[in-house]
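Novice: I need the structure of the sequence given here:
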Amino acid sequence: MEQDPRSPRLRRTQRERREATRRALLDAAVSALVELGYAGTTTAEVAHRAGVSLGALVHYFPVKTDLLTAAMDHVLRQRLDELDRILDSVPVAELSLSRLIDIAWAMFQSPAFAAWLELWVASRTDPVLRAAVVGVDSRFSAGIADRLTAVLPDTGFDLRDRVARSLVFAVCNGLAMRRVIPAPHEAEADEVLRLLKAALQRSFASDGGAR
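Specialist: The predicted model follows:
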């Protein structure tokens, strides 16, 4: 239904405008990281992409580290929301350990991973950035683990367990990195995941639980 031209135009509140600007800055930072890398993601570039002044950016994020870690927290929260939607769409009867590993692997294949990798490498020599990256990574890993564990059938496999989670996430991280710089002599991702699933199935089957 068309709006009555005589009615006053609805205007966003100041809070809504602030949130929209902040979201635009975070989205711009992620896109710059993906396309230009860490070195090319300057505050001036992000402000330009977001369509705001450099002064406005500094008002929201006084230093570059604050901007970039907030951007990754923003996009990883979106990925967790996406995971919730995926899990809600899959019938409980189909949520096998193998299927859940596939779902976990999908979380490492978005453009967000490229942005994350840029920050991860840069944090090696930047203690402030490293502390921020570790915090975001811990929240993301715990978020995935909590969600997958909550829907796992009674297999005795707990993704919140430190060793089990490290194994699955290390494999997924390694495979995702190999897609950034392909190595012709390496096995395909699906072959590696097939071996991982088989090994886990055997391990937990020996305890009388996996299916």
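Novice: just the helices in this structure please.
Specialist: Taking DSSP state H to define them, one finds helices in the chain at 14-40, 43-50, 54-60, 64-89, 97-106, 111-122, 127-151, 162-180, 189-205.
Novice: any chance of these in a markdown table, plus mean neighbour count and mean pLDDT?
Specialist: Just so you know, the C-beta spots here come from the backbone N, C-alpha and C atoms, and that holds for glycine as well. Formatted as a markdown table, the helices of the chain follow (neighbours: other Cβ atoms under 10 Å; pLDDT from 0 to 100):
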| stretch | mean neighbour count | mean pLDDT |
| --- | --- | --- |
| helix 14-40 | 16 | 93 |
| helix 43-50 | 18 | 97 |
| helix 54-60 | 14 | 95 |
| helix 64-89 | 17 | 88 |
| helix 97-106 | 18 | 84 |
| helix 111-122 | 19 | 87 |
| helix 127-151 | 16 | 85 |
| helix 162-180 | 15 | 83 |
| helix 189-205 | 15 | 85 |
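Novice: show me what contacts Arg22?
Specialist: With contact set as Cβ atoms under 8 Å, 6 or more residues apart in numbering, Arg22 has these partners: Tyr60.
Novice: Could you count how many residues lie near Leu95?
Specialist: 16 (other Cβ atoms under 10 Å).
Novice: now the most centrally placed residue in the chain: how far from Arg179?
Specialist: In the chain, the residue lying closest to the centroid (Cα atoms, centre = their mean) is Leu76, at 3.5 Å. Relative to Arg179, Leu76 is positioned 18 Å away (Cβ to Cβ, to the nearest Å).
Novice: Help me confirm that the residue nearest to the centre of the chain comes into contact with Ser138.
Specialist: No - counting by Cβ atoms under 8 Å, Leu76 stays clear of Ser138, with 10.9 Å between them.
Novice: Show me the common contact partners of those two, please.
Specialist: Common neighbours of Leu76 and Ser138 (Cβ under 8 Å, 6+ apart) do not exist.
Novice: who touches Gly40 in this structure?
Specialist: Gly40 sits in contact with Ala32, where contact means Cβ under 8 Å, 6+ apart.
Novice: Please shift the residue numbers so they start at 33 in all later answers.
Specialist: With 33 as the first residue, the last one maps to Gly72.
Novice: and Ala102, what does it touch?
Specialist: Leu58, Ala61, Phe93.
Novice: Now Ala219, what are its backbone angles?
Specialist: phi -70, psi 150 (degrees, to the nearest 10).
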